[in-house]
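Colleague: For reference, the sequence and a predicted model appear below.
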Amino acid sequence: MAIPTIDFELIHEPTARKELLSDLLHAILEVGAFYIINPPFEADLFSSLKAQCQGFFDLPREEKMKVDMVNVPSFLGYAALGTEVTGGRTDWREHFTVASKHQGKIDGPIYRNLLGPCPWPSEDALPGFSSVVNKLIEGNAVVATTVQSRIAEALGIDEILLNSFFDEQRQYRARMIKYPAPPESDQASTQGLGAHQDTAFATIIYQLTDHESLQLQNAQGDWVDCSPVPGTLLYVFGKSSNAITHGVCRAPWHRVIPPEAGSGDRYSIAIGTGIGLDTSLAAPETKRMLGELKTKLQAQYPNMDDTLHEYLQLDEQSPTVGMKVFYNYARSYPNITKKWYPDFKI
């Protein structure tokens with residue numbers, strides 16, 4: 001399975017439109033991911049990001065703990081090595097997550113705390129860090145919204161209808177990740193990140209080192225390397241896009257194999273964007289929009305899986321998308337839930 005490549009410089013070029021949309025549709029239906037070359041970033045952004053990532057993870061432990069996730073209720077911040085579990089096994093990585101700043105009040109249901117404060121290392125501890133990362137988030141927003149328009153066009157669905165599932169002010173969560181090589185005695189049994197599907201509409205991944213670590217599962221169940229290409233992004237569809245399109249968009253399982261001993265640390269950044277937190281799963285308008293998309297897609301893809309993924313199905317615990325997202329975080333980080341939401345039942 002070859003992962004398709006989309007040239008961002010040609011995304012607005014009329015003469016290249018037909019071939020681009022064909023490649024994009026193949027990625028949507030068959031692969032669930034594609035590379036993006038020539039993104040609209042400054043030439044030195046990737047090297048600056050790598051330097052800042054290394055700089056953050058090289059900080060003394062006490063400095064990193066100042067921005068630990070447990071310090072804020074928004075599930076943003078630093079997670080130390082070996083504190084996460086995927087598929088019942090420990091993930092051998094540490095990470096630091098920040099987000100685009102939310103303008104306006106943050107009140108209402110509990111899940112809106114996800115839009116809350118974001119801890120940053122001080123400028124004295126890491127000069128230029130916040131500036132470089134915010135440039136990435138801003139540029140990533142341009143890529144995400146532009147590509148989403150082409151996805152709607154490739155699928156033959158109304159772009160305005162698709163956009164209506166998203167907040168006008170979207171939150172982009174940027175997770176900087178360090179994958180060190182595990183101890184040699186544990187090399188065979190250690191996972192960098194266990195096999196999973198993302199819950200977001202899509203995740204854009206920036207592989208900052210040349211490790212052959214990220215793998216995607218194809219339709220036959222085989223694991224395929226997502227080789228890093230300098231200056232190139234990897235766009236991976238998630239459960240939200242799969243649900244909105246009633247299974248037409250493939251949301252692939254993927255995983256990270258830890259670096260081999262002696263190969264150095266692997267660094268990457270993953271930025272996810274999801275549909276609006278306030279989206280009510282019981283609202284007639286939501287049902288109407290999903291039904292309209294289903295009718296349109298069924299006419300074009302009669303063999304599609306027309307069952308709605310559970311991610312957008314109504315249940316007693318999660319009447320909104322926001323509550324589904326909040327439950328995921330609450331289960332993944334019980335120490336934060338216990339501190340900030342002691343009465344919340346997981």
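Modeller: Good, I have the coordinates.

Colleague: what packs against the worst-scoring helix or strand of the chain on mean pLDDT?
Modeller: Taking mean pLDDT, DSSP states H and E as the measure, the helix or strand of the chain with the lowest value is strand 85-86, at a mean of 75. Strand 85-86 makes packing contacts with strand 193-196 when contacts are defined by 3 or more CB pairs under 8 Å, 6 or more residues apart in numbering; DSSP states H and E. Yep, even glycine has a C-beta here, placed from its N, CA and C like the rest.

Colleague: Averaged pLDDT, the strand it packs on. What do you get?
Modeller: The average pLDDT for strand 193-196 rounds to 81.

Colleague: Other residues contacting the host helix or strand of Ala243?
Modeller: With secondary structure defined by DSSP states H and E, Ala243 is part of helix 239-244. For helix 239-244, the external contacting residues (CB atoms under 8 Å, 6 or more residues apart in numbering) are 151, 162, 165, 197-202, 249-251, 274-275, 290, 293, 308-312, 321.

Colleague: how would you label Asn113: helix, strand or coil?
Modeller: Assigned state for Asn113: helix (three-state reduction, DSSP: H, G, I helix; E, B strand; the rest coil).

Colleague: Quick check, it in contact with His102.
Modeller: No. If you go by CB atoms under 8 Å, Asn113 and His102 don't touch, sitting 10.8 Å apart.

Colleague: quick one: Thr90 and Glu84 touch, right?
Modeller: Yes. Here Thr90 lies in contact with Glu84, judged by CB under 8 Å, at a distance of 7.2 Å.

Colleague: which residues in the stretch 151-300 of the chain form helices?
Modeller: Here the stretch 151-300 of the chain has its helices, by DSSP state H, counting those that start in this stretch, at 159-163, 239-244, 284-300.

Colleague: a markdown table please, covering those and showing mean neighbour count and mean pLDDT.
Modeller: A markdown table is the format used below for the helices of the stretch 151-300 of the chain (neighbours: other CB atoms under 10 Å; pLDDT from 0 to 100):
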| stretch | mean neighbour count | mean pLDDT |
| --- | --- | --- |
| helix 159-163 | 14 | 95 |
| helix 239-244 | 25 | 92 |
| helix 284-300 | 14 | 91 |
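
Colleague: Indicate which one of those helices is closest to Arg175.
Modeller: Distance to Arg175, taken as CB to CB, is lowest for helix 239-244 among the helices of the stretch 151-300 of the chain, at 17.0 Å.

Colleague: Would you mind writing the CA trace of the closest one as CSV?
Modeller: Presented in CSV, the C-alpha positions along helix 239-244 are these (Å, rounded to 0.1, in the frame of the first residue of the first chain):
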residue,chain,number,x,y,z
LYS,A,239,-13.1,8.5,14.1
SER,A,240,-14.9,11.8,13.7
SER,A,241,-14.4,11.9,9.9
ASN,A,242,-15.3,8.2,9.7
ALA,A,243,-18.6,8.9,11.7
ILE,A,244,-19.6,12.0,9.8
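
Colleague: Centre of the chain to that helix, how far?
Modeller: Distance of helix 239-244 from its chain centroid, counting by CA atoms, centre = their mean, to the nearest Å, is 13 Å.

Colleague: try stretch 315-322
Modeller: Per CA atoms, centre = their mean, the centroid offset for stretch 315-322 relative to its chain is 21 Å.

Colleague: Show me what counts as buried in it.
Modeller: Ser318, Thr320, Val321, Gly322 (16 or more other CB atoms under 10 Å).

Colleague: what's the answer for stretch 155-171, then?
Modeller: Buried, per 16+ other CB under 10 Å, within stretch 155-171: Leu155, Ile157, Leu161, Leu162, Phe165, Phe166, Arg170, Gln171.

Colleague: Please list the residues outside that stretch that contact it.
Modeller: Outside of stretch 155-171, the residues within contact range by CB under 8 Å, 6+ apart are 25, 28, 99-100, 102-104, 114-115, 141, 144, 148-149, 151-153, 201, 244-245, 248-249, 273-279, 289, 292-293, 296-297, 300.

Colleague: what's the answer for stretch 52-67, then?
Modeller: 77-78, 80, 94, 96, 119-122, 125-126, 128-129, 132-133, 176, 178, 208, 265, 267, 269.

Colleague: Flag every buried residue along it.
Modeller: Quick answer for stretch 52-67 (16+ other CB under 10 Å): Gln52, Cys53, Gly55, Phe56, Phe57, Leu59, Glu63, Lys64, Lys66, Val67.
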